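Student: no letters, just coordinates:
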Ligand SMILES: Cc1cc2nc3c(=O)[nH]c(=O)nc-3n(C[C@H](O)[C@H](O)[C@H](O)COP(=O)(O)OP(=O)(O)OC[C@H]3O[C@@H](n4cnc5c(N)ncnc54)[C@H](O)[C@@H]3O)c2cc1C
């Protein structure tokens, strides 16, 4: 009798607890803290002021000037120049510090300076997308890297591309049509790289919808299967799936499309980026990581050692020439 009574009491209690837990869960899921873009607190943007009331400019990382970078290049071939004369003072400071028994930091600076006298592990000729990418990759792997560009960074092909960061829909077509496994691997790798690009430089890259107008019904399944395979291959690396647009929707989106014979359109997504800014960012990031990166410096000849192995290059400073001064030529030593 008593057990039945307590059961009668327990049941509504259990129902009430479950209902409360469920309602709590629903409320939590609906109003849980989420990270909304732009919701971060703004950083302290207030300027620092010196005691006499002057605003202190912000501090930037210790990046070497062009002259200092050129001095580093020369030092790889054993030439010391004026731009590094402060290093002489640094050496004196280091000796004094050692005498005073606090050599740690100065010794490290001295060791870095001595390392500048070593030839570069890698000298990259050309500061386009390839050179800048290789420079960043190599310097972040711990190699001593120099990159010289005869014009400005990205002044060549790298600023004149279609600006796509693509997996290559047409390479996929080739892979299927010719049963070419290498083309398939290329597309797969490019799709992975596309995601890295979009993730690491969201300020310079974006997703781009691309519309393929279709003028024959027969071609619609061919294109549809093609873009769906492209989506499938991208897998988790994809952000938007491709879709079909009716004729009227396609004309709404692109009123200038040729109307005659248009049956619809397919839309698929690829990446796009600002090619020249991306190129310059790569070169600057390589410099921040310690690569010696100089533009308007042209390689005029390559150097070989006695065994015939490439061991450096002769370069010409074109800034001096552009300013009507005699261009200086000097050598850079490198292992590769
Ligand atoms: C029309 C077109 C569209 C393209 N569209 C795309 C696209 O959408 N997506 C994509 O991923 N790729 C695209 N590409 C390919 C891509 O643009 C190139 O693969 C890439 O830009 C090549 O970069 P690079 O650094 O090898 O060459 P470049 O950018 O040409 O760089 C070579 C650099 O070397 C310098 N140089 C040459 N000689 C010397 C010397 N003696 N001393 C010092 N410096 C020197 C030059 O000044 C130049 O800056 C496209 C290419 C073309 C032509």
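Tutor: Nice, I can see it. What you see is a predicted model, and the numbers here were worked out from it, not measured in a lab. Numbers count the residues shown, from 1 in each chain.

Student: for the stretch 101-250 of the chain, which spans come out with low pLDDT?
Tutor: For the stretch 101-250 of the chain, applying pLDDT under 70 flags the ranges 101-115.

Student: the same query, at a cut-off of 80, please.
Tutor: Residue ranges of the stretch 101-250 of the chain with pLDDT under 80: 101-116, 236-239.

Student: show me which residues of it sit near the ligand.
Tutor: By Cβ under 6 Å from any ligand atom, the residues of the stretch 101-250 of the chain that approach the ligand are 125-131, 148-151, 155-158, 161-164. (Glycine included, C-beta is placed from N, CA and C.)

Student: so which of these belong to strands?
Tutor: 125, 148, 149, 164 (DSSP state E).

Student: next SSE downstream of the longest helix along the chain?
Tutor: Counting by DSSP state H, the longest helix found in the chain is helix 2-31. Beyond helix 2-31 on the C-terminal side, the first helix or strand identified by DSSP states H and E is strand 48-49.

Student: what are the pairing partners of that next one, and which direction each?
Tutor: strand 55-56 (antiparallel) (DSSP bridges).

Student: just checking the next helix or strand after the partner strand against the ligand, any contact.
Tutor: Note on strand 55-56: by DSSP H and E, the next helix or strand toward the C-terminus is helix 66-75. No: residues of helix 66-75 are not located near the ligand by Cβ under 6 Å from any ligand atom, the shortest gap being 12.6 Å.

Student: can you check stretch 296-305 too?
Tutor: Yes: using Cβ under 6 Å from any ligand atom, stretch 296-305 reaches the ligand at 298, 299.

Student: could you pull out the strands for this structure?
Tutor: Under DSSP E, the chain gives strands at 48-49, 55-56, 122-125, 145-149, 164-165, 205-214, 243-246, 264-273, 292-295, 297-304, 310-317, 329-333.

Student: just give me the neighbour total for the residue nearest to residue 274 when sequence neighbours are not counted.
Tutor: In this structure, residue 274 finds its nearest non-sequential neighbour in residue 204, 5.0 Å apart by Cβ to Cβ, 6 or more residues apart in numbering. Counted with other Cβ atoms under 10 Å, the neighbours of residue 204 add up to 19.

Student: ok, residue 204 to the ligand distance?
Tutor: 13 Å (Cβ to the nearest ligand atom, to the nearest Å).

Student: would you confirm that residue 295 contacts residue 131?
Tutor: No: applying Cβ atoms under 8 Å as the test, residue 295 and residue 131 come out as separate, 10.9 Å apart.

Student: which residues do these two both contact?
Tutor: Common contacts of residue 295 and residue 131 (Cβ atoms under 8 Å, 6 or more residues apart in numbering): residue 149.

Student: the more surrounded of those two?
Tutor: Neighbour count, other Cβ under 10 Å: between residue 295 and residue 131, residue 131 has more, with 24 against 20.

Student: quick one: contacts for the more buried one?
Tutor: Counted by Cβ under 8 Å, 6+ apart, residue 131 has contacts 124, 125, 147, 149.

Student: neighbour count added to the residues you listed, as a markdown table?
Tutor: Formatted as a markdown table, these follow (neighbours: other Cβ atoms under 10 Å):
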| residue | neighbour count |
| --- | --- |
| 124 | 24 |
| 125 | 16 |
| 147 | 29 |
| 149 | 25 |
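
Student: closest to residue 282 among those?
Tutor: residue 147 (10.0 Å; Cβ to Cβ).

Student: surely the closest one meets residue 135?
Tutor: Yes: in this structure, residue 147 is within contact of residue 135 by Cβ under 8 Å, at 4.4 Å.

Student: any residues in contact with both of the two?
Tutor: Joint contacts of residue 147 and residue 135 (Cβ under 8 Å, 6+ apart) are 124, 127, 283, 286, 291, 293.

Student: grab the nearest non-local neighbour of residue 152.
Tutor: residue 295 (5.4 Å).

Student: ditto for residue 321
Tutor: Residue 321 sits nearest to residue 327 (Cβ to Cβ, 6+ apart), 4.0 Å away.

Student: now do the same contact list for that neighbour.
Tutor: By Cβ under 8 Å, 6+ apart, the neighbours of residue 327 are 316, 317, 318, 320, 321.

Student: got a winner among those for most neighbours?
Tutor: residue 317 (21 neighbours).

Student: which ones are touching that one?
Tutor: 70, 296, 297, 327, 328, 329.

Student: what about 7 Å?
Tutor: 70, 297, 327, 328 (Cβ atoms under 7 Å, 6 or more residues apart in numbering).

Student: show me what the second one is bridged to.
Tutor: For residue 297, the beta-bridge assignment (DSSP bridges) gives partners residue 317.

Student: confidence score at it?
Tutor: Looking at residue 297, its pLDDT stands at 97.

Student: surely it meets residue 151?
Tutor: No: using Cβ atoms under 7 Å, residue 297 is not in contact with residue 151; the gap is 9.9 Å.

Student: please identify which of these two sits among more neighbours.
Tutor: Neighbours of residue 297 and residue 151, each counted by other Cβ under 10 Å, are more numerous for residue 297; the result is 27 against 15.
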